Every structure is written in structure tokens, then in C-alpha cells.
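> structure for this input, please:
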Amino acid sequence: MISQINFQKTKLILLKEKAVWVPILNSVFIADLHFGKASHFRKSGIPIPEPIHLEDLANLQSIIESYHPQHVYFLGDLFHSDWNGQWEVLNQFLGRFSQVSFHLVLGNHDILDSSFYTQSAFTVYKSPIELGDLMLSHEPMDVIPEQKINLCGHIHPGIRLVGKARQSIRLSCFYYKPNQLILPAFGRFTGLALIKPRSTDQVFGITNEKVIPILS
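Okay, here's the model as predicted:
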């Protein structure tokens, strides 16, 4: 069973890889990769292994090879703050996919000098952009234009499920409010912010095998 959201004439397919596939736009949407974060921790003396980011790249490659998108949009926090050598690793990796156009809506952690972005694989946007029925931003928009749905990230949404024996599990999730879809953090080296959905919201939990509607 495919988990999806139908907004007007646009179908948004929620992927277990923590991304959204929109067939009508031939585009994939991803939020909060935070590539290079492990290197910053190692500079501070915390031994975080770099392969954690290689798993993220393998995940992205799998999505591109499965869906063959024309465009991939990163909804902010692509790279974690100051420059380190992983920026080159990321751009070399993306260079393998000459058939794909990569786009970046800048987030609060995307603070590299503009020259790095100019020489990168990305078309960069400093403010939210409109794409068909979608409004793309990093942080959730407070005011969403009429007849649009805001795709965003920043929050790293998660949900805590509690069983009858009081056992619990925390899952990344897609968090759908009226006219707004907050994507899970794509990067593995990120935390979760537990959400408190309202009755009008929908939550889709993510496991290794599938996306599960939890509240609707």
C-alpha cells in the first residue's frame, strides 16, 4: 500500500526513504540532509564515523535510480554549517547524475559563502519558491498562499508510539497539517522533535519497510 496525499491535482507520494515523490512534476523533495555534520563533531573531539553520511548518499542514489526524477529539491539544511571537505564529496557524488537538476532552498544551516554555491551542482533559492501547487520553504510558513500546499522541513518531526505494555518506540514521520506537509529529516545523523498533532492533522510514521498512516 502506497501512502500518499492528494492535494488538488497533485499527488504527493511519501517514501520510506524519507522523501516525497511528485510524479506530475517529475521531482523528488528532501529536507534536512545535514551532510558534513559528522566532520564538525570530529573536529570537536567526538568520534562520529563518516560512513553515516555515505549511507545517506546511498539512500539518495537509490531514490534517483528508482524514480528517475528530472529534478531533486533540497528544502534547506543540506550541509551542516561551516565548510569542510565533505562539501566536495557531496558535489562529486551529485555530479554522477548529469540527467538530474538539483535545487536548494537555503536553510538556517546553509551558511557557506555564496561562491561555494555558485560553483556547485545546485540552483540556489534564498527565499520560498512556488512550483505548481507547491510552496517550497525550509521553515514552515505561517502564511501559505491560497490554493497552495507548503512543503518544508526544519522541524525533524517524530512521533512516539506507546504499546499496551507501556513499551514505546519513536519514529520519524511526515507531519501533514491543512495545506502544509513537514518532511522528516533525510539525514541519519539528526535528532527528532516529537510532535503533538491535532485532530485535523495527519501523521505518517516511517519504518525500514514502509510508510504507515498513524493519525488521519
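> mind listing the helices for the protein?
When secondary structure is read from DSSP state H, the chain shows helices at 37-43, 51-67, 86-94, 114-118.
> Serialize those to CSV and add fields for mean pLDDT and mean neighbour count.
Any C-beta I mention is one placed from the backbone N, CA and C, and that applies to glycine too. Compiled in CSV, these are given as follows (pLDDT from 0 to 100; neighbours: other C-beta atoms under 10 Å):
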stretch, mean pLDDT, mean neighbour count
helix 37-43, 47, 17
helix 51-67, 88, 16
helix 86-94, 87, 17
helix 114-118, 82, 12
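> can you tell me what sits against the biggest strand by length in the chain?
Criterion DSSP state E: the longest strand present in the chain is strand 168-177. Contacts of strand 168-177 with the rest of the structure, by C-beta atoms under 8 Å, 6 or more residues apart in numbering, involve 3, 5, 14, 18, 20, 155-162, 181-185, 192, 194-195, 197-198, 200-207, 211, 214.
> tell me the buried residues in that strand?
Of the residues in strand 168-177, those buried under the neighbour-count criterion (16 or more other C-beta atoms under 10 Å) are 171-177.
> from these, which is closest to residue 116?
residue 172 (28.7 Å; C-beta to C-beta).
> contacting residues around the residue nearest to the closest one when sequence neighbours are not counted?
Spatial nearest neighbour of residue 172, excluding adjacent residues (C-beta to C-beta, 6 or more residues apart in numbering): residue 184 at 4.0 Å. Residues in contact with residue 184 (C-beta under 8 Å, 6+ apart) are 18, 31-32, 156-158, 172-174, 206.
> now, of these, which are buried?
With burial judged by 16+ other C-beta under 10 Å, the buried subset of these is 18, 31-32, 156-158, 172-174, 206.
> all set, thanks.
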